[in-house]
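*Asks:* Just the structure for this:
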Amino acid sequence: MAENQGPDGAVSDANETSHFLTVSSTDLDHAHRALTKVLSELDKILLGNEQVHQMLLVGILAKGHVLLEGQPGVGKTTLAKALGQLLNLEFNRVQFTPDLMPNDILGSHILQQKQDDDGNLDREMVFQKGPIFTNILLADEINRASPKTQSAMLEAMQERCVTLMGKTHKLPEPLLIIASQNPIDLEGTYPLPEAQLDRFLFKLQVGKVDRDVLGQLILSRRHGNPPIPEFSMSKDELLQLFNIVDQIFLPKPVAAYIARLVEASHPDFPDAIDDIKQYVSYGNSARAAIAMAEAGRALALINGRPSIGFEDIDAVAPHIMAHRLILNYKAGFDKVTGYDLVKKLLESTDKSELSLPSQISVS
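*Replies:* Numbering: from 1, shown residues only. Here you go, the predicted structure:
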């Protein structure tokens, strides 16, 4: 089979190269400029936390769901609403509480009476759609709902549909669930089970802003109201961006690097680093590897590049891998987090599997 040199310098077969060539420079440049405008507007609407804005846009392009963790008042709701306005997507918000039931999110069947053509009265069960039938759903304080209600969202998050009374209802496309949880007030909360955490593409920490940003907020945001976006994207443009993301080239060396990262996250892996063996009970699943590839494609497009680089994987890996690591009790005692372990994992994992001199690195 004929071989060619890919955009990263790696040798690939003809089929892979032809896939790469389907991305035109015109489409790439147009997508890069549009996404730069979206990020610029997000940065103006919600000051500070630019990395969170970028990763949230990556989540949209990768068709994933995002879990935001931060104290109240850092702008999680404002960020989700602004994203819906910029992308012309329908937005719904659900405040999760202990008494919230699955039907309050998914929808329910209501008995309705109707009259047929002959004037006879009849009754039938009519499905009333719930708030999850939208493009962007903000699940506010998701960990306050019961495990029963939390698990009701699993099918919707993975299959993009809900099944009630034996009938499956397809959800709108695209569907992005942005869930928030408060790490401070833990009374009356139910930790998300591992199966649901694994459904989230990213877990992002929304931190506090510095005093310079606070000064700008005080001067420019009367009553906390954000500015109205000056730019919005049509739904057709967004669908075109999804198509371009699918055409971003994934070189074999980068794919192999993703596989090594996931493999090295397991404590029973022979070459796992000492911290992984000491603090991790279970490593990442294959879903994490797929998530890194898709998120890497989206980040490469945002940066205006036709192929994924190692730096894209390094940027998205902490937000994908950390919440998927199941830590043991030793990690709690030593105050070791998933982010700490992923950082060490990235530092210790060889990118190229080449025996390069210490002064040469691969980026």
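*Asks:* Quick check: closest non-adjacent residue to Met321.
*Replies:* Val342 (4.7 Å; CB to CB, 6 or more residues apart in numbering). Heads up, the C-betas are built off the backbone N, CA and C, glycines and all.
*Asks:* quick one: contacts of the helix or strand hosting Thr77?
*Replies:* Take DSSP states H and E as the rule and Thr77 turns out to sit in helix 76-86. If you take CB atoms under 8 Å, 6 or more residues apart in numbering as the criterion, helix 76-86 is touched by 38, 41-42, 45-46, 52-53, 56-57, 60, 68, 70, 89-91, 93, 135-136, 138, 140, 178, 180, 206, 226, 229, 231-233.
*Asks:* re the thing from before, next, give phi and psi for the residue nearest to Met321.
*Replies:* Main-chain torsions, Val342, degrees, to the nearest 10: phi -70, psi -40.
*Asks:* distance of it from Asp274?
*Replies:* Val342 sits 15 Å away from Asp274, going by CB to CB, to the nearest Å.
*Asks:* likewise Leu171?
*Replies:* In terms of CB to CB, Leu171 sits 44 Å off from Asp274.
*Asks:* same thing with Val162?
*Replies:* 45 Å.
*Asks:* and if you look at Met292?
*Replies:* 24 Å.
*Asks:* So between the two, which is more surrounded?
*Replies:* Neighbour tally, Met292 and Asp274, criterion other CB atoms under 10 Å: the higher count belongs to Met292, 28 against 9.
*Asks:* Mind listing what's buried along stretch 117-133?
*Replies:* 130-133 (16 or more other CB atoms under 10 Å).
*Asks:* Over to stretch 279-289?
*Replies:* 279-280, 283-284, 288-289.
*Asks:* go on, stretch 63-71?
*Replies:* Counting neighbours by 16+ other CB under 10 Å, stretch 63-71 gives 63-70 as buried.
*Asks:* Export only the CA atoms of that stretch, formatted as CSV.
*Replies:* C-alpha atoms of stretch 63-71 as CSV (Å, rounded to 0.1, in the frame of the first residue of the first chain):
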residue,chain,number,x,y,z
LYS,A,63,-20.9,16.8,21.2
GLY,A,64,-20.1,16.0,24.8
HIS,A,65,-21.5,17.0,28.2
VAL,A,66,-19.8,19.2,30.8
LEU,A,67,-19.8,19.1,34.6
LEU,A,68,-18.9,22.5,36.2
GLU,A,69,-17.7,22.6,39.8
GLY,A,70,-17.5,25.9,41.6
GLN,A,71,-18.9,27.9,44.4
